[in-house]
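> Provide a 3D model corresponding to the input given below.
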Amino acid sequence: MSQKDGLILLNKPGGITSFRVLDTIKKNLSPEKIGHSGTLDQFAQGLLLVMTGKATRLSSLLMDLRKSYRGIIHFGAETTTLDPEGEVCARAPLPNLSDLEKALPSFRGIIKQIPPAFSALHIQGKRAYSMARKGEVFEIPEREIEIYSFNIISWEPPLLSFQIECSKGTYVRSLARDLALACGSRGYLTELTRTALGPFSLIEAVKPEEFDKERDILPLKDLFPLLKEIQILKIRNPFQDKLLNGFPLSDDFFSSPPVRDGKIAVFDDYGIFLALVEKINNKYSYLFVVKREGS
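Model (predicted):
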């Protein structure tokens with residue numbers, strides 16, 4: 001595998017789209033492939049996980065990671081986009097701290113929410129934000145998400161500072177709207193910073209303009225040990241070609257068998273990543289195999 005196959009922890013600034021930020025990295029890594037594990041809204045800032053080269057195959061795995069944010073909700077008004085880039089569409093009285101503290105417990109655990117109309121979701125084959133901009137009327141189905149923690153940092157009316165840890169698929173803009181409504185008010189998200197994705201922290205991230213392809217790409221051999229739910233196994237030399245050619249897997253392929261069901265990252269004796277496989281109920285399946293150079 002190339003030394004450019006790995007993960008970049010990128011610190012996205014506010015006021016620029018995630019795709020513009022990714023373009024900066026692409027220019028540095030051309031012609032390597034680039035992928036990501038979820039974008040941030042233009043007004044938001046913080047941690048983006050960017051995969052390069054063959055590591056782009058891991059994007060779906062990294063999208064499942066828990067997400068942590070700090071943010072500020074502006075109460076007393078709601079905007080069309082539920083963020084500072086929209087127009088005010090409703091106003092209501094401010095809540096008090098007691099109202100907020102009483103409402104918060106209902107926004108922890110497994111809950112359902114309706115994503116914002118201005119989102120990238122597909123509705124009837126169209127992007128929701130495209131339909132919303134044209135004034136089209138449509139419904140977005142509610143979805144189930146999980147909020148692991150949702151805590152107040154400070155309340156300085158009309159601004160509530162908070163921190164939250166949530167599952168994939170969570171729209172923090174929707175939480176701002178719904179928390180305000182639960183308090184008899186209106187609200188929108190005025191600031192948002194993603195501080196962590198799973199084991200990866202914003203503190204470790206690099207600014208786009210400071211990115212160095214020789215220094216700031218975390219190789220796969222160092223990435224997988226951070227993903228605790230994925231086991232790491234070595235392939236036995238006699239079975240390497242069979243693995244790379246998709247032969248049915250068994251415990252015999254590995255230097256030691258997996259200790260539990262789940263996903264397995266397979267490496268050779270030289271620390272080269274070969275495949276991602278899965279074992280469930282004593283049955284193996286391939287998720288993907290890394291193609292050899294030149295094949």
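> Quick check: Ile266 touching Ile272?
No, residue 266 isn't Ile; it's Val. No. Counting by C-beta atoms under 8 Å, Val266 stays clear of Ile272, with 9.9 Å between them. For the C-beta atoms, the positions are set from N, CA and C on the backbone; glycine is no exception.
> SS state for the residue sitting furthest away from the middle of the chain?
The C-alpha centroid of the chain is most remote from Pro238, which lies 37.8 Å away (C-alpha atoms, centre = their mean). Classification of Pro238 using DSSP: H, G, I helix; E, B strand; the rest coil returns helix.
> Please name the residues that touch it.
By C-beta atoms under 8 Å, 6 or more residues apart in numbering, the contact set of Pro238 is empty.
> about what we covered before: which one of Val266 and Ile272 has more residues nearby?
Neighbour count, other C-beta atoms under 10 Å: between Val266 and Ile272, Val266 has more, with 25 against 14.
> Each with direction, which strands does the host helix or strand of that one pair with?
Secondary structure from DSSP states H and E places Val266 in strand 262-267. Strand 262-267 has its sheet partners listed here by DSSP bridges as strand 231-234 (parallel), strand 273-280 (antiparallel).
> mean confidence for the helix or strand following the last one?
It refers to strand 273-280. Using DSSP H and E, the helix or strand that follows strand 273-280 in sequence is strand 283-289. Mean pLDDT, strand 283-289: 94.
> Okay, buried residues for the longest strand along the chain please.
Counting by DSSP state E, the longest strand found in the chain is strand 143-156. Going by neighbour count (16 or more other C-beta atoms under 10 Å), the buried part of strand 143-156 is Ile145, Ile147, Phe150, Trp155.
> can you check stretch 99-111 too?
Burial within stretch 99-111, assessed by neighbour count using 16+ other C-beta under 10 Å, is assigned to Asp99, Leu100, Ala103, Leu104, Phe107, Ile111.
> State the pLDDT value of Gly294.
At Gly294, the model reports a pLDDT of 46.
> Can you spell out the domain ranges of the protein, please?
6-65+199-222, 67-197, 229-289 (automatic domain parsing).
> where among those domains is the average confidence lowest?
Mean pLDDT values for the domains of the chain show the minimum at domain 6-65+199-222, a mean of 90.
> and the end-to-end length of that domain?
End-to-end distance of domain 6-65+199-222 (C-alpha to C-alpha, to the nearest Å): 9 Å.
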